[in-house]
Every structure is written in C-alpha cells, then in structure tokens.
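[1] give me the fold of what follows.
(2 chains)
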Amino acid sequence: MSVPALEVRGLVKHYPGVKALDGVDLVVRPNEVLGLAGENGAGKSTLLKALVGLVAPDAGEIFVRGEPVRLRSVVEAANHGIGMVFQEQSLVPNLTAAENIVLGSEGSAVRRGVYRWDTMRRLAQEQLDKIGSDIDPLARTDSLSFAERQMVEIAKVLRIEERSQHPPVIILDEPTSVLESKEIETLFAQIRRLREFASVVFVSHRLDEVLDVCDRVTVLRGGQSVGEVATAGAVPGELHKLMIGSTGSDDHYHSGAASLVAAEQPRLSVRKLSGRSFQEVDLDVAAGEIVGIVGVHGSGREDVCRALFGAEPTTAGEIRMDGKKIDLPHTRAACAAGIGYVPAERKIEGMVGAMSVADNMTLTKQKARCTGPFVAPKKQATLVDRWIERLSIRTPGRDTAIGRLSGGNQQKVVLARWLVGGDIKLLLLDHPTRGLDIGARSEVYRLMRELAGSGVATVLLADSLEEAIGMADRILVMSDGRVVAEVACPNGGKPSPLDLVKEMV
Amino acid sequence: MTLTSAVATAPRRQSRRGASFRDAGPPVALVVIFGIFAALSPQFRSVDNVQNIVDAAAVLAVVTSGITFVLMMGSIDLSAAGVMGASALTVSLLVANNRNDNDYGLLGIGAAVLLGCAFGCLSGLALVLLKVPSFMATLGVSAIGLGVATLMFAGVQPNITDTMLESWAIERFLGFSYLAWIAAACILVGWLIQRYTRLGRYAFAIGGAEEVLTLSGVRVKPYKVAVFTLAGAFYGLGGVMVTSQLGAGLVQAGDGYDFSAITAAVVGGTLLTGGRGGILHSAVGVLLVMVLTNGLVQVGVSPYWQGGVEGLIVVAAVAAAVIPQRRRNQVVK
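    Residues are numbered from 1 along each chain as shown, chains lettered A, B, ... in the order given. Below you'll find the model as predicted:
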C-alpha cells in the first residue's frame, strides 16, 4: 500500500475550557477524496486549521508523504503542498479577484515589486477557467456575489497545483454551503479532476454531498475520529448515527421537556416585514413555542432576527407583541416590549469581556440592581448570585471578569441578562451554541426548554440543521430573503435534514 | 466537456471595475463649491486666484500624498510636523546658507528626503516591532523630529541663499510655480505606486483585510514599515518645499500640516479605517480644502469666522462620505 499523502496521528489541542482535539487520527491517501464529517464542535475546524499551520497542536504528529513535519504557517503548509479553502471567506474585499487569486504567490505577475496587470489577469483567468467560471478577473472582490467569491476562493487554492512539485492536498471547508446546484456540479467535476493528481479533503454538512463526491469518510466526534465509512453503498443515516454517537439526538435536545404549545393568540406576530436583505416575512410565535429559522448563508435569516430586535432597519411591515405594535427599528422599544436578543458574535456583541459577571448580567435591566439612580450593591449581589445558582453558571464569583469563563458559562450569563428583569416574553437566539462543546450545548438546550416551559416564546437560528430539528417545534425555511417553506417539527414527527435542505437551495 | 462548453458559451459578465457611486462625492463637491464661490466672487474666479490656490496647495498635496498610504493601511500618522521641521533644518543647513559654507544643492535636498525616510522607518519599526499603536508611535517620532530640528536650529535661523531652491517658490512654468509642478509629480508617482506596485496594492489590502494577507502567506510587517518610510519621504520633501517658500529653515516648518493632511485625505474619501480611497481622492481633498480656505476669504467671510466655518464644512463633507456606513448598529469611534 502506498504512503499516505497526509497522515495525522494523535493530534491534541486544548482551548481554555474545551478540548477541541482529543487524539485525532486521519489518513489521506494519494488520489482520493476524503470526506470529513462531524457535528459542529466535533473538532473539524481545529483539525483543518492545524493542517494548514494556523493552529499549533499541543501533541501529536503530522506526516506529509511519510515525513514528519511541523506546520507553523500557511506558507509552510503551502510549501508542503497543502492548501485550504476557508469556510469564512478569506479574500481581501477591496482588491480585484485576480489579485486575490494570486495573492502570496504572484510569481511572474509581479516583477521587482511592480505589477504586470496583463500577466496577473492571465494567471487568474487560467485558474478561473479550470472551474469554468466567467467572473471578470479584474472585478473588485466586494462587487461579487457570495457564490462568486466562493468560486474565486476555489480558484485561488487551485494555484497550489503550480506551486508544489508534489501532488497537493487540497482542503475544502464547507465549499458548497452557498453554491447553487449547477455551481456545485462544476465544483464536483473539479474535485474529480483534482483526484487524478491530488488528494482532496472535503468537508460539508450536507451528508448526501459527502457521500456523492467522496471515496471515504472519516467521522469526528468530540475531538476524536470515531469511524470510517467507505462511501460506496453507504447511506446518510449511517454517517449521521456515527456523528451523533450513542447518546442519540432525542436526549441531547431534552425533547422530553418539550412543552405542548397552546394554539391561542400568538405572542409575536410579524407581517410582511421587509428590509435590505429580506422581503415580506410573515412569522408567528406562540408563548412557549420554539420556532427555528433555517437557511444558507445569505438567506437573510440573520437580518430578520436582528430586525425583530430593532437592530436592522426595515422598509415595510410590522411587528406585534401580544397584539401591540412595536416602534421600528429601535432596540430600546424591543427591550421594553420584553424581547431579548442573544447575538451570534458573543465575544463582540454579546458581552463586555473585561466587565464582571455581575455587570454583564445586569447590563440591560439596570432597574433590577438599582435603587433610584444608584446601584444597590446588596440588591445586585443577591440577584446575580440567585441567577448564577439557577443557571448553574460555573464562575469563581460574581466579580470575575466574564472573559475568563468558558464559552458555555459566558453564554449563560448573556442569557441571564434577559432573565433578571423578569419580564422576558420573547427570546431571539442567534446561534446560541456556536463554539460551545457538547456538554455546554446540552445545558443551553435544557435552559431553552425550561424557558419555553415557563411561557417564553423563542426564535432560534440554529448552528446546524440537526440542532434546529432537535429543538424547534416548527421550522421556517428561508431562501433569498423569503420564507419559502414552513415545516412542522413536533416530537415524534421530526423531518430529516434532507427534507429541509431540499427547500433551502 | 461540460466545463469547456460552459466557458465557451457563457457570455462574459458585465465588468464591475469602474469607480463606484460613493467615490463620486468629493469631486462633485469640489465642482459645486468651486461653482458657488465663482458665482459669488469675480475675484475668486480670476486666473490669478486659481493659480494662487494651486500654488498654495502644493505643500499640502505632497504631505497628503504621503499620509494617504498610511491611512489606506488603516494606520494613522501624526509625524508630519516633526519630520518636516527636521528636514527643513537639514536642507537649509546643507544648501548654500548664511550659517555655514555648505553648498550641496540637490544632494542636500536628497539628504533631507532621506532623513524623512529614516523617521518614517522609525515609526514603522515602532509599530511592527514594539507594537506601539501608530497614533502614539508617530506622535513620538514627531516630537523627536522637532527635537532634532531644534538642536540644528541652535538659536540662529539659517537663511538659504541657494538660487535653485529659492527659485522653486518663485519661478513659474505654464503659469504655475515649480512647487506646484513638483506636487503634481508627487501625485503622479504616488498614483503609480498605488496602482502598479506590490507595496501600494498591499497597503490597500492591509487596510481591507490584514488577516487575509497573513492567511495567504504574505508577511505584512515589512510592507507596513515600507509604507511609513515612503510617507516619511513625502514629508521630507514637504519640509524642503516649505523651506523654499520661506527662504529659511524653521523648526515650525510643518506646523499644522499633520492634521490638515489627514483632513484633506478624509474629505477626499480616504477612510481612517483603511482600505478605501487613494492618492487621487486625496488630491481632490486637498483642492477642496484649499478652495474652501481661499473662497471664504474671497467672498469676504470675516477671518474670525473662517476657522469655525471650515470646520463645519469638513464635518459635513465627512458625514456625507460615510452615509453608506450609517446603517445598522455600527459603532463609530
């Protein structure tokens, strides 16, 4: 048997509070397309970053064509022939597509520091032709659509073919999540072409795609490799079982605690809401109901969620809480109406890292800790300690800076912020479990169930389809700024991820 | 085969390279403001006055050209005043003058420009090696420059007697002073750097998405230092030009140019956050500021009011420039 193109043995990576990689093994053979599957938080991203030198592992080894290597930077990885298309796009928005494609390896397009635009355009065009894209190489990147930028990104990584003498290893991290089916086919044709002379690592959470294009799939769970599946004849269900593991999704999402929704007047009622990136969105959420909104990046669901909180301007439509119209777009009005928002970017928008747990928890509902215009330290202490206990937040104390807690505990403090006032009616959760490990996620799910049980309505933008299906009572599917489908999602009658994907694209 | 046919049949998409709508603001404002003043004041629209405006804009244009590269990166540079002072003293002591017997002519001018480079390099090194934010690093370098200038000044003002340097401010070619032509040349060189060199394009890219450059394996630190060095060269030349205008080397040669240059660049559409604008934008910004200053005098606004009125117009111009950003809950610092 030939030497693997790339091999990983026992890779370990700790982050504060999380063991992202716990002894991962991975083998990429020459001329194969290896799929990498795993839920969010399974360690996929960390593993991929380690392979291109962005993350220094704490332990374990990486071998390229049998030789042990240390990858300290993207350049070193590229010199070993390893390149990656990043999930969150890595293009410079204010440069042309051509410059982005050759960035860092301009070759003959730059002589002694001077640009030769014609050469550059030709080099870029060669890469774009490989994937059959008709993008103008001299167009500014930020004038391209998201899908077009994705094609530029792929064209960029294909340049590694010319850079390395050895057969390259090309990593594609969720390259298809925003592509249309025709573009996906082109991409798959490219992947099959690449296989002739290279190895490809393909990551996608559309399992049907993984099975379609890959020769073999390695499944990660909890930072370990838990299984390997040859794709010939395999079905998505098998993979899914491996990804979720023996615990099973039902327990994980605390479905037993799901409350029965009384179909009375909706708590939140949205009619024909339109904004910059969404049109005529109708949405009803009853008290105690969890409604998931799913859609690919660019579907407009994030903006809808922000608009509900008054943080994104709207052009038309109305939002009513318990029948009362809310003044748009004002976050203060939303707060006053009992709406709470947990932003996706926890570290940037969700919390003030240097401030204490207590200050973060009482940031919005100042009244809860004040007597008149003054902060009442005793009142604050009692209140904060009560919520620390109720949500079992693990913190050395209420005066610890929130930035020092683990992600899960930070998120609980952010959630508590909306609860301390005692007047919360609707929670908008924008990727509430992003970056949390499995245990912490489970805690957040339990909290969501508890809140729903007490009558809080919830709008959930889940981190994965599985999460949306597991938690929501009802799912709205958005595509290109419109709600294109509504799928009932009751206990015992949950749709499969594939049912939803069909509507999403 | 599907691939090739797709390439062959797909019509080339409409290219989207041209200047965007938001880039049109400052030039339009320049034309409008010029038009208003021209309508209000016959003196303003005289050929003489237009020559005056352009001549007066020369030094600011050179300094702004330099600072633009730094701003494009998203950094800031407050060292212009100090660097110009040091370069003014250096050049006035190296060309023919009343303090010593030196008469190095062009060499002296070159030395002053090189000194500017050295100061710029210092700012850049402090930024990338010591991680001092550019705001503080360049403020410090400005103080160093003023200190060096004061030492060279040594209590006796060097008056220059070099005929070539004196002629720059006096002699005219096609109606404009030599200084104005030098400024035009600087803008052209700056534009070529910005458009055709890796340095210029990377400066732009660093302002756009620095971390992406790192992900692509580009080492950004040398480029940052080089950009500050380049800016220093422009300030050095600026100091030389002021010396030519004054006929003497003064420590205060660069007084006020640091902030005027930032103002002109921002008014022209170069964002302080980096990644947008450029040398031509800045040139328009310089003209806008100069037309404004000159026009307010010509239409008879009291000198006591001018500062305030100018300030108001600048804030209004910048507010107009950032309209596309004024959505959502964006934080402005």
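
[2] where does the spatially most central residue of chain A sit: helix, strand or coil?
    In chain A, the residue lying closest to the centroid (C-alpha atoms, centre = their mean) is A:Asp463, at 5.5 Å. At A:Asp463 the chain is in coil, as set by DSSP: H, G, I helix; E, B strand; the rest coil.

[3] in this structure it contacts A:Val444, no?
    No: if you go by C-beta atoms under 8 Å, A:Asp463 and A:Val444 don't touch, sitting 10.4 Å apart. All C-beta atoms are positioned from the backbone trio N, CA, C, and that covers glycine.

[4] so what sits against both of those two?
    A:Thr433 (C-beta atoms under 8 Å, 6 or more residues apart in numbering or on different chains).

[5] for the stretch 151-300 of chain A, which residue gets nearest to chain B?
    Taking C-beta to the nearest C-beta, chain B has its nearest neighbour within the stretch 151-300 of chain A at A:Ala189, 6.2 Å off.

[6] the stretch 401-505 of chain A now?
    Nearest residue of the stretch 401-505 of chain A to chain B (C-beta to the nearest C-beta) works out as A:Asp430 at 13.5 Å.

[7] how deep is B:Gly116 tucked in, by neighbour count?
    31 (other C-beta atoms under 10 Å in any protein chain shown).

[8] no, scratch that, I was asking about A:Thr382
    By other C-beta under 10 Å, the residues close to A:Thr382 number 12.

[9] I'd like the next helix or strand past the helix or strand harbouring it.
    Remark: A:Thr382 resides in helix A:377-390, with elements defined by DSSP states H and E. Once the chain leaves helix A:377-390, the next helix or strand it forms, by DSSP H and E, is helix A:407-419.

[10] ok, residues contacting stretch B:117-136?
    Contacts for stretch B:117-136 (C-beta under 8 Å, 6+ apart): B:70, B:75-79, B:82-83, B:86, B:137-138, B:140-141, B:144-145, B:221, B:224-233, B:235-236.

[11] so which bits of that stretch are buried?
    By 16 or more other C-beta atoms under 10 Å in any protein chain shown, the buried positions in stretch B:117-136 come out as B:117, B:119-128, B:132, B:134.

[12] let me know the average pLDDT across it.
    Averaged over stretch B:117-136, pLDDT sits at 94.

[13] helix, strand or coil for the residue of the stretch 151-300 of chain A closest to chain B?
    A:Ala189 ends up helix, using three-state DSSP.

[14] residues near it, how many?
    When counting by other C-beta under 10 Å, one arrives at 17 neighbours for A:Ala189.

[15] check contacts around residue 34.
    Since no chain was named, I'll use chain A. A:Leu26, A:Val28, A:Ser199, A:Val200, A:Val201, A:Phe202, A:Cys214, A:Asp215, A:Arg216, A:Val217, A:Thr218.

[16] wrong chain, I was asking about chain B
    For B:Phe34, the contact set (C-beta under 8 Å, 6+ apart) comprises B:Val291, B:Gly295.

[17] the one 3 residues further on too?
    With contacts defined as C-beta under 8 Å, 6+ apart, B:Phe37 is in contact with B:Phe44, B:Arg45, B:Val291, B:Asn294, B:Gly295, B:Gln298, B:Val299.

[18] most surrounded residue in those?
    Result: B:Val291 is most packed of the contacts of B:Phe37 (other C-beta under 10 Å), 23 neighbours.

[19] give me the element that residue is part of.
    helix B:279-298.

[20] so is that helix next to chain A?
    No: judged by C-beta under 8 Å from any C-beta of the partner chain, helix B:279-298 makes no contact with chain A; its nearest approach is 13.1 Å.

[21] same question for the helix or strand harbouring A:Glu185: list its buried residues.
    Assessed by DSSP H and E, A:Glu185 sits inside helix A:181-195. Neighbour-count burial for helix A:181-195 flags A:Glu183, A:Ile184, A:Thr186, A:Leu187, A:Phe188, A:Ala189, A:Gln190, A:Ile191, A:Leu194, A:Arg195 (criterion: 16+ other C-beta under 10 Å).

[22] neighbours of B:Pro26, how many?
    When neighbours are defined as other C-beta under 10 Å, B:Pro26 has 26 of them.

[23] who touches it in this structure?
    So B:Pro26 contacts B:Val267, B:Gly268, B:Gly269, B:His281, B:Val284, B:Gly285, B:Leu288, B:Ala317, B:Ala321 (C-beta under 8 Å, 6+ apart).

[24] report the separation between the third one and chain A.
    This means B:Gly269. Per C-beta to the nearest C-beta, to the nearest Å, B:Gly269 is found 13 Å from chain A.

[25] tell me where the stretch 51-200 of chain A has helices.
    A:74-79, A:97-102, A:117-130, A:146-158, A:160-163, A:181-195 (DSSP state H, counting those that start in this stretch).

[26] and for the stretch 201-333 of chain B?
    Using DSSP H, counting those that start in this stretch, the helices found in the stretch 201-333 of chain B span residues B:221-246, B:257-267, B:279-298, B:303-321.

[27] next, format the ones you listed as a markdown table and append distance to A:Leu158 and mean pLDDT.
    Formatted as a markdown table, the helices of the stretch 201-333 of chain B follow (distance: least, C-beta to C-beta, whole Å; pLDDT from 0 to 100):
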| stretch | distance to A:Leu158 | mean pLDDT |
| --- | --- | --- |
| helix B:221-246 | 26 | 96 |
| helix B:257-267 | 38 | 90 |
| helix B:279-298 | 34 | 91 |
| helix B:303-321 | 38 | 78 |
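
[28] what does the stretch 101-250 of chain B put close to chain A?
    B:195-199, B:201, B:204-205, B:207-209, B:212-218.

[29] show the buried residues in those residues.
    Buried among those (16+ other C-beta under 10 Å): B:196-199, B:201, B:204-205, B:207-209, B:212-218.

[30] picking up where we left off before, among the helices of the stretch 51-200 of chain A, which is nearest A:Gly295?
    With C-beta to C-beta as the criterion, A:Gly295 lies closest to helix A:146-158 of the helices of the stretch 51-200 of chain A, at 12.8 Å.

[31] buried ones in the closest one?
    A:Ala147, A:Glu148, A:Arg149, A:Gln150, A:Met151, A:Val152, A:Glu153, A:Ile154, A:Ala155, A:Lys156, A:Val157, A:Leu158.

[32] tally of neighbours for A:Gly353?
    Neighbour number of A:Gly353 under other C-beta under 10 Å is 15.

[33] then B:Pro42?
    10.

[34] ok, B:Gly105 next?
    Using other C-beta under 10 Å, B:Gly105 has 15 other residues around it.

[35] can you tell me how far it is from B:Ala88?
    Going from B:Gly105 to B:Ala88 by C-beta to C-beta, to the nearest Å gives 16 Å.

[36] where in chain A is pLDDT low?
    A:1, A:16-18, A:40-41, A:87-89, A:177-180, A:205, A:244-252, A:256-264, A:437-438, A:505 (pLDDT under 70).

[37] quick check: residues of the stretch 251-400 of chain A near chain B?
    By C-beta under 8 Å from any C-beta, the residues of the stretch 251-400 of chain A that approach chain B are A:Arg276, A:Arg306, A:Ala311, A:Glu312, A:Pro313, A:Thr331.

[38] try 10 Å
    Residues of the stretch 251-400 of chain A lying near chain B by C-beta under 10 Å from any C-beta of the partner chain: A:Arg276, A:Asp303, A:Arg306, A:Phe309, A:Gly310, A:Ala311, A:Glu312, A:Pro313, A:Pro329, A:Thr331, A:Ile348, A:Glu349.
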